[in-house]
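Chemist: Kindly return the folded structure for what I paste below:
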Amino acid sequence: MSHPKAQLRRDGFTFKSFFIAHDRCAMKVGTDGILLGAWAPVSRAKRVLDIGTGSGLVALMLAQRTPESVSIDAVELDEQAASQAQDNAQASPWAGRFTVHHADILAWSAGQTVRYDLIVSNPPFFTQGVKCATPEREQARYTTTLDHGALLECAAALITEEGFFCVILPIEISDAFVQKALGMGWHLRLRTDVAEYENRLPHRALLAFSPADGECFTDRLAIRGADQRYSESYTALTQAFYLFM
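Modeler: Now for the predicted structure:
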């Protein structure tokens, strides 16, 4: 008879310091989440919030990158995903720092008095398109349940004056998101455009906004080099997580 843990591990992703089961989540572990979790600036964070945590991937990456004193809240609308994020958190080395909330972020945020130094979200980004296989996947991929204006307003209500709000988005909608954010009083402070290969155009944008004005630092990251292997810069960013780096 096979051990239940072995069965579980075929339905998830093993990192160096933790395991993410994602068999009950609409959106699986992917490069977007790993990029966001490895990239978001954590140096001054004392409280962290992950909006739409899914399996808990990004929140757990941030737990690994921050001191024991940092507390992490993770909010997820889908009941199955929230339950799985809770299980993943409890099985991790950081269970005591991690609280999963099964809630609609718009309703949840209205009752909060705590402010966060770092808020992250790998948000829904399609406004329309081919119907998804399940309602849960549709909810995770489309902005019908959380449009970008509402997400920006929600983050603005929860962030500290010097805090950062970080997202990853397809490059083709990143400029519209930036303009919407600037129009609401946010300031773009960090931007990394991500390409799959060095010789390709970027397909994702990592964006960090703050209520505080300041210089905006921009750069570019290629995930793979011309030889198809992970680039030095992507390896440097993610090697604390991948087993094979």
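
Chemist: where do the helices sit along this structure?
Modeler: Listed in chain order, the helices of the chain (DSSP state H) span residues 4-8, 31-39, 57-65, 79-91, 105-110, 135-141, 148-158, 171-183, 232-238.

Chemist: Among the ones you listed, which comes closest to L207?
Modeler: Minimum separation from L207 across the helices of the chain (CB to CB) falls at helix 171-183, 6.5 Å. The C-beta positions use only the backbone N, C-alpha and C, and glycine is treated the same way.

Chemist: packing partners for that closest one?
Modeler: Judged by 3 or more CB pairs under 8 Å, 6 or more residues apart in numbering; DSSP states H and E, helix 171-183 is in contact with helix 148-158, strand 187-197, strand 204-210.

Chemist: do that again at 10 Å, thanks
Modeler: Packing partners of helix 171-183 (3 or more CB pairs under 10 Å, 6 or more residues apart in numbering; DSSP states H and E): helix 148-158, strand 159-170, strand 187-197, strand 204-210.

Chemist: Dump the ones you listed to CSV, plus mean pLDDT, distance to S55 and mean neighbour count.
Modeler: Putting these into CSV (pLDDT from 0 to 100; distance: least, CB to CB, whole Å; neighbours: other CB atoms under 10 Å) gives the following:
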stretch, mean pLDDT, distance to S55, mean neighbour count
helix 148-158, 95, 19, 19
strand 159-170, 97, 16, 21
strand 187-197, 98, 21, 18
strand 204-210, 98, 19, 23
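
Chemist: related to what we said a few turns ago, looking at the helices of the chain, which is buried most?
Modeler: Each of the helices of the chain was scored by mean neighbour count; the highest is helix 57-65, a mean of 26, by mean count of other CB atoms under 10 Å.

Chemist: just to revisit the earlier point, ok, which of the helices of the chain comes nearest F164?
Modeler: Judged by CB to CB, the one of these that comes nearest to F164 is helix 148-158, at 9.9 Å.

Chemist: on that earlier part again, can I get the helices of the chain in a markdown table with distance to I72?
Modeler: Listed next are these as a markdown table, based on distance: least, CB to CB, whole Å:
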| stretch | distance to I72 |
| --- | --- |
| helix 4-8 | 23 |
| helix 31-39 | 12 |
| helix 57-65 | 5 |
| helix 79-91 | 9 |
| helix 105-110 | 15 |
| helix 135-141 | 20 |
| helix 148-158 | 14 |
| helix 171-183 | 23 |
| helix 232-238 | 19 |
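
Chemist: quick one: which of the ones you listed is nearest D213?
Modeler: Proximity to D213, assessed across those by CB to CB, is greatest for helix 171-183 (11.0 Å).

Chemist: which of the helices of the chain has the lowest average pLDDT?
Modeler: Within the helices of the chain, the stretch with the lowest mean pLDDT is helix 4-8, showing a mean of 39.

Chemist: For V194, which of the helices of the chain is the nearest?
Modeler: When those are ranked by proximity to V194 (CB to CB), helix 31-39 comes first, at 6.3 Å.

Chemist: before we move on, the earlier item: reformat the helices and strands packed on helix 171-183 as a markdown table; add distance to E76.
Modeler: A markdown table is the format used below for the helices and strands packed on helix 171-183 (distance: least, CB to CB, whole Å):
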| stretch | distance to E76 |
| --- | --- |
| helix 148-158 | 14 |
| strand 159-170 | 16 |
| strand 187-197 | 25 |
| strand 204-210 | 21 |
